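In: below: sequence and its predicted model.
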Amino acid sequence: MTDPEQPLAAQRLADIQTAIARAAKLAGRAPADISLIAVSKTQPADAIAPLIAVGQRVFGENRVQEAADKWPALKEATPGLALHLIGQLQSNKAEAAVALFDAIHSVDRLSLVTALARAMDKAGRRPACFVQVNIGDEAQKGGVATADLPALLAEARAAALPVAGLMCLPPAAVEPAPYFALLAKMARDHGLPGLSMGMSGDFETAVTIGATHVRVGTALFGPRA
Ligand SMILES: *Cc1c(COP(=O)(O)O)cnc(C)c1O
């Protein structure tokens, strides 16, 4: 299936879309209900442009400053791009994040809820928010503790944050399916439709368990420098 006219990333994109569609069908889901976020962190604009050229429109970055350096020019050249923040966000960067991103996947504490709500009111712009859950309750991991999720969601709703769903990064090097299933149950229990879960190594598993957003970097771009 290699086409010498197409850059490697574009070929990989087609393969990943095929794999997402296959996993969706296995689970009785419509492939169109899954959004592939191409995680372009550390990748230069030259590496991103071929994916835009073949129609990829949704990208993920983990740092506000890097995204602010890279994306305004790309966005201006191609209308309709959507940029998702998938990395931890400091409250003092909330305004910059609200200005630049179309979705924020790392809402994990009350101070950030407050800062984002204020930034959205000021900007008149309301990016969709995902609450990140520390689904394995790991000591070093970002995300709200599972026991604290109900309280944080109540606070997010009280602040009128547009909460679209939940996000997680399961513990490394163990079978992720039980963690994906737990996140899916938590989202159901709270009436949230969005599930941001699944990366290069496990996006197909995540899709069979209900992921609506998969975040894929390495499988698209190759290993990061
Ligand atoms: C880097 C990153 C990804 C993509 O990981 P790959 O294994 O390269 O696909 C997904 N989600 C988050 C939160 C990340 O930081």
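Out: Arrived safely.
In: tell me which parts of the chain are close to the ligand?
Out: 39, 41, 62, 86-87, 169, 199-200, 215-219 (CB under 6 Å from any ligand atom). All C-beta atoms are positioned from the backbone trio N, CA, C, and that covers glycine.
In: let's see if you can find the most crowded of those.
Out: Counting neighbours by other CB atoms under 10 Å, the top entry in these is residue 86, with 27 neighbours.
In: residues contacting that residue?
Out: For residue 86, the contact set (CB atoms under 8 Å, 6 or more residues apart in numbering) comprises 37, 39, 41, 60-62, 105-106, 167, 196, 215.
In: for it, phi and psi?
Out: phi -110, psi 0 (degrees, to the nearest 10).
In: what does residue 201 give?
Out: According to degrees, to the nearest 10, residue 201 has phi -80, psi -10.
In: what's around it, how many residues?
Out: 12.
In: ok, and what's touching stretch 7-18?
Out: Residues contacting stretch 7-18 (CB under 8 Å, 6+ apart): 1-3, 31, 36, 38, 47, 50-51, 53-54, 56, 203, 216, 219-222.
In: make a ChimeraX selection of the buried ones in the residues you listed.
Out: In ChimeraX, this line selects whichever of those come out buried by 16 or more other CB atoms under 10 Å:
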select :36,38,47,50,51,56,203,216,219,220,221
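In: isn't residue 91 up against residue 112?
Out: Yes. The criterion here is CB atoms under 8 Å, and residue 91 meets it with residue 112 at 5.4 Å.
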